[in-house]
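In: Have a look at this prediction, sequence included:
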Amino acid sequence: MRAAVEIKELSYRFPGRPTPALDRLSFRVEPGECVAILGPNGAGKSTLLLHLNGLLPEKFGDAPQLWIDGEPVTPANLAQIRRKVGLLFQDPEDQLISATVFEDVAFGPCQLGIDGPSLESLVKDCLERVGLPGFEAREPHRLSHGEKRRVCLAGVLACEPAVLVLDEPTSDLDPRGRREFKALLQRLPGAKLMATHDLELAVDLCPRSLILDGGKLVAQGDTLQLLADEKLMLAHGLERPHSLLHRHPHGPAYQLHRL
């Protein structure tokens, strides 16, 4: 079975910086799998996500290092790749561009040639999926932060991506907003890859996690086993989540990569 996401020896260095932002990353995400990307600030999480639909790098090498649903991420394939990968940015303000919620959610499908009653039905359905029925005529800038994030997610879902990629999906949400958004993500089908500092989100939604530090993949495997390893967590700028403080996993179920 072909992977939803496959990465082989992916490296990237921002111009003018002495150290790589990503350093020889290799991993797979299977169809339908939900995987967390964890690590301290500056670990390379957001940089990795921007590679998944070709926003980075600025120049592509001779051989592909990343595949989405079996298709290589290359300049010739970028339009197809960006249809397959739905990217939800950390800050909704970076994703909202239109005067009304309808126009924002409809933007992607319009680029794909969908219009008329089909477009109206699609926008209505996606807003209902994210818990915002009847919001079509609302102005995005007047919405709460959580509502803005849901509108962005509806716009992503409207393009029917094969892979959903989320950068800090619960950041800046209050406790109820986090609970509701987690429940929403849990209901969504398909492969999901989410970079997050919300370790409870990883515990609740992601059976498998990857830990990045300094652009390297330092560990990957069962989320509960990884996050319960206090020594590993502290070594890479993380903390054992409160929900795991009284659990005692039976041996490691993850792969540790030595830096």
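Out: Cool, the structure landed.
In: surely residue 106 meets residue 121?
Out: No: between residue 106 and residue 121 there is no contact under CB atoms under 8 Å: 11.1 Å. For the C-beta atoms, the positions are set from N, CA and C on the backbone; glycine is no exception.
In: Which of those two has more residues huddled nearby?
Out: residue 106 (23 against 11; other CB atoms under 10 Å).
In: which non-adjacent residue is nearest the more buried one?
Out: Take residue 106 and drop its neighbours on the chain: the residue closest to it by CB to CB, 6 or more residues apart in numbering is residue 123, 5.2 Å away.
In: mind listing what the one you found touches?
Out: Contacts for residue 123 (CB atoms under 8 Å, 6 or more residues apart in numbering) come out as 102, 105-106, 109, 136, 154, 158.
In: list the buried ones in the helix or strand that contains it?
Out: According to DSSP states H and E, residue 123 maps onto helix 116-129. In terms of neighbour count (16 or more other CB atoms under 10 Å), helix 116-129 has its buried residues at 119, 122-124, 126-127, 129.
In: Then stretch 185-205?
Out: By neighbour count on 16+ other CB under 10 Å, the buried set for stretch 185-205 is 185, 190-205.
In: Give me the distance from it to the chain's centre.
Out: Put simply, stretch 185-205 sits 8 Å off its chain's centre (CA atoms, centre = their mean, to the nearest Å).
In: now stretch 130-143
Out: With CA atoms, centre = their mean, you get 23 Å for stretch 130-143.
In: That one: end-to-end distance?
Out: 14 Å (CA to CA, to the nearest Å).
In: same thing with stretch 222-242?
Out: With CA to CA applied, stretch 222-242 spans 17 Å between its terminal residues.
In: In contact with residue 174, which residues?
Out: Residues near residue 174 by CB under 8 Å, 6+ apart: residue 146.
In: For it, what are phi and psi?
Out: phi -70, psi 170 (degrees, to the nearest 10).
In: Next: the one 3 residues further on.
Out: Taking degrees, to the nearest 10, you get phi -60, psi -40 for the backbone angles of residue 177.
In: How about it, nearest residue that isn't a chain neighbour?
Out: Closest residue to residue 177 apart from its sequence neighbours, by CB to CB, 6+ apart: residue 146 at 4.2 Å.
In: could you dump the helix or strand that neighbour falls within to PDB, C-alpha only?
Out: Using DSSP H and E, residue 146 sits in helix 145-157. Taking C-alpha atoms only, helix 145-157 is exported to PDB below (Å, rounded to 0.1, in the frame of the first residue of the first chain):
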ATOM      1  CA  HIS A 145     -10.200  33.200  17.100                       C
ATOM      2  CA  GLY A 146     -11.800  29.800  17.300                       C
ATOM      3  CA  GLU A 147     -14.400  30.500  14.700                       C
ATOM      4  CA  LYS A 148     -11.700  31.900  12.400                       C
ATOM      5  CA  ARG A 149      -9.800  28.600  12.700                       C
ATOM      6  CA  ARG A 150     -12.900  26.600  11.900                       C
ATOM      7  CA  VAL A 151     -13.500  28.700   8.800                       C
ATOM      8  CA  CYS A 152     -10.000  28.000   7.700                       C
ATOM      9  CA  LEU A 153     -10.500  24.300   8.300                       C
ATOM     10  CA  ALA A 154     -13.800  24.400   6.300                       C
ATOM     11  CA  GLY A 155     -11.900  26.000   3.400                       C
ATOM     12  CA  VAL A 156      -9.300  23.300   3.500                       C
ATOM     13  CA  LEU A 157     -11.900  20.500   3.700                       C
END
